[in-house]
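1. take a look and give me a structure for this.
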Amino acid sequence: MSEWYADGLRFECTSCGNCCSGPPGAVWMSDEESRALAERFGLPLAVFLEKYARKLGTRWSLNEVSVGMSGGRRGFDCVFLDRTRVPGKALCSVYELRPTQCRTWPFWPENLDSEQIWENVKRVTPCPGMGAGSCTPSSRSASSVIPIGTQVRRQRSIHRSLMSVELVEQWSNAAALREVREFFFAARVTIDARVSKERPLCIASGACCNFEQHGHRLYVSGLEAAFTLLRLDACHGITLDARAIDASVTRGDCPFLVRGFCGAHAERPLGCRIYFCDERARVWQNELYETTHAGVQALHDTLAIPYRYMEWRAALAMLRSIEVA
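-> Next up is the predicted model:
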């Protein structure tokens, strides 16, 4: 059976910078990519990593810098994103040496699982370049369609050995494990203790759950999304269907946002528990998020479960689009 994108996918980068900015995240580098960037700056590898990167679990990610957004909010840019060189554009200052994660956007395996997920990612990032450009499969230019049999399949082979149904099955089965439950419960306790200590202000406005309005995006691992859905269904009788997810993407908010309040508050993701609009929380919440997510990655490694870092609604859509026996 042919893939849904067998005729190719259009993409033309508009230099908006949206894929290089947003909430705290990770830009992974291989050892080879780290060494190449270190040579680019004329630095020993150890010095480059100390200055421009951070270690999350066993892997290295480029640093992020806190930046202003509309409405006085804050976001995070990749340390190499340059917003000053060309007015109105956001350019990569190490473009020729950018990591594979950056080179393959938006053709990540989790974005290619279905046409619905592709369209959701296009809207929630947002990425104006997805769907743009001329449809010329034979062209090798960056603005052309990505032809099946060349770049898409090569990128998929780099990142992915499991089909989406197998991923969902593994995440859903692992979500019921005692080790997974104990990890997420312990992480919640740790986060709650830090929040109690820092005492950030929250007026329960629900603004942070209106992703598009607030300029905010929530990311989770596939396993955390599966665990959240399992807990909501088994312990609270709350279920979610694909139509509700689609509607939330159209509105620009979380599918669990009900009249300004979180309808999944007891089981909300770790990122929701850490994030506060309070400006005073910026430094410690970024550090806490990185530490917590490194633990999530380590959990995947310990249980030998495939790791995918996905936008919240895209992860929910993927899980809900596949029935697991």
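
2. which residue ranges of the stretch 151-300 of the chain form helices?
-> Along the stretch 151-300 of the chain, the segments classed as helices by DSSP state H, counting those that start in this stretch run 151-159, 164-175, 178-198, 211-214, 222-236, 242-251, 270-274, 282-303.

3. if I pick the residue nearest to Gly260 when sequence neighbours are not counted, what's in contact with it?
-> Here the nearest residue to Gly260 in space, its sequence neighbours aside, is Gly206; by Cβ to Cβ, 6 or more residues apart in numbering that works out to 4.0 Å. Using the backbone N, CA and C atoms, a C-beta is placed for each residue, glycine as well. Counting by Cβ atoms under 8 Å, 6 or more residues apart in numbering, Gly206 touches Leu257, Gly260, Phe261, Cys262.

4. repeat that for 7 Å
-> By Cβ atoms under 7 Å, 6 or more residues apart in numbering, the residues touching Gly206 are Leu257, Gly260, Phe261.

5. likewise for Gly237?
-> Gly237 touches nothing, counting by Cβ under 7 Å, 6+ apart.

6. what about it, distance to Phe184?
-> Between Gly237 and Phe184 the distance, using Cβ to Cβ, to the nearest Å, works out to 20 Å.

7. swap in Cys272?
-> From Cys272 to Phe184 the distance is 13 Å (Cβ to Cβ).

8. mean pLDDT for the helices of the stretch 151-300 of the chain: which is lowest?
-> Ranked by mean pLDDT, the helices of the stretch 151-300 of the chain bottom out at helix 151-159, with a mean of 36.

9. you'd agree Val65 is in a helix?
-> No. The assignment for Val65 (DSSP: H, G, I helix; E, B strand; the rest coil) gives strand, which keeps it out of a helix.

10. tell me the domain ranges of this protein?
-> Using automatic domain parsing, the domain parsing of the chain gives 18-159, 164-320.

11. what about the longest one, distance to the chain center?
-> If I follow you right, that is domain 164-320. How far domain 164-320 lies from its chain's middle: 11 Å, per Cα atoms, centre = their mean, to the nearest Å.

12. rewinding a little: turn the domains of the chain into JSON lines, columns for distance to Ala6.
-> Shown next, in JSON lines, are the domains of the chain (distance: least, Cβ to Cβ, whole Å):
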{"stretch": "domain 18-159", "distance to Ala6": "5"}
{"stretch": "domain 164-320", "distance to Ala6": "16"}
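
13. quick one: residues contacting Arg243.
-> Contacts of Arg243 by Cβ under 7 Å, 6+ apart: none found.

14. please apply the same query to Val180.
-> Contacts of Val180 (Cβ under 7 Å, 6+ apart): Ala174, Leu223, Phe227, Leu299.
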